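Please find the sequence and the predicted model below.
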Amino acid sequence: MTQGTSTPPTWSALLSQAVRLLRRARDLKVVDVAKAMGLKPRTYEHFESGQAQPSLARMEQFAQIADADPNGLIAALMIASPAFAVRSADNKLMTAFLIELQAFDQAAGDDIRRLDTLTLVTEFSGVFARLLEETRCRAELAARLQAGVTPPPEDG
């Protein structure tokens, strides 16, 4: 291995991080999640630690218990960002994306293969740039609302 390179985390390590982040974000206790999943706490701990090979059904079950987006949990592994599972949990970003992708697949059918990669990347980049701008506007508005109205300065 050359200096400066590192081995990317395994899917089980990424899943372990994502599940732990989601559980903590939802303020859920291990014993409560284990019980809701019909598992012994130790078995759940193996799932959360990445020691057990997770099934898609188990991941979906956990997401339902954590009121998270199961597709966001899976996407978090695919993009190597465990935090994405938490970031997309409330708005169900990946489920919304997949609903629209399914509609696009049904409408476009075999014509999808006529789209080139450059067009796809360009279009997705544009959508994500607009969404990023929207998140920044909303964050700015939330900060202004939190700061409240400041009274005008008094005339001295």
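On my side now, so go ahead.

ok, residue 122 - how many residues close by?
Using other CB atoms under 10 Å, residue 122 is surrounded by 11 other residues. No exception for glycine: its C-beta is placed from N, CA and C like everyone else's.

distance of it from residue 116?
Relative to residue 116, residue 122 is positioned 10 Å away (CB to CB, to the nearest Å).

which ones are touching the residue nearest to residue 91 when sequence neighbours are not counted?
Distance criterion CB to CB, 6 or more residues apart in numbering; nearest residue to residue 91, sequence neighbours excluded, is residue 69 at 7.9 Å. Counting by CB atoms under 8 Å, 6 or more residues apart in numbering, residue 69 makes contact with 63, 85, 88, 89, 91, 92, 93, 94, 95.

gap between the third one and residue 153?
Read it as residue 88. 44 Å.

Have a look at those two and say which one is more surrounded.
Using other CB under 10 Å, the more surrounded residue of residue 88 and residue 153 is residue 88, with 22 against 6.

who's in contact with the closest residue to the more buried one other than its chain neighbours?
Distance criterion CB to CB, 6+ apart; nearest residue to residue 88, sequence neighbours excluded, is residue 72 at 3.4 Å. Neighbour list for residue 72: 63, 84, 85, 87, 88, 89, 92, 93, 94, 95 [criterion: CB under 8 Å, 6+ apart].

Identify each buried residue in the longest helix along the chain, please.
For the chain, the helix with the greatest residue count under DSSP state H is helix 117-147. By neighbour count with 16 or more other CB atoms under 10 Å, helix 117-147 contains no buried residues.

Cool, thanks, signing off.
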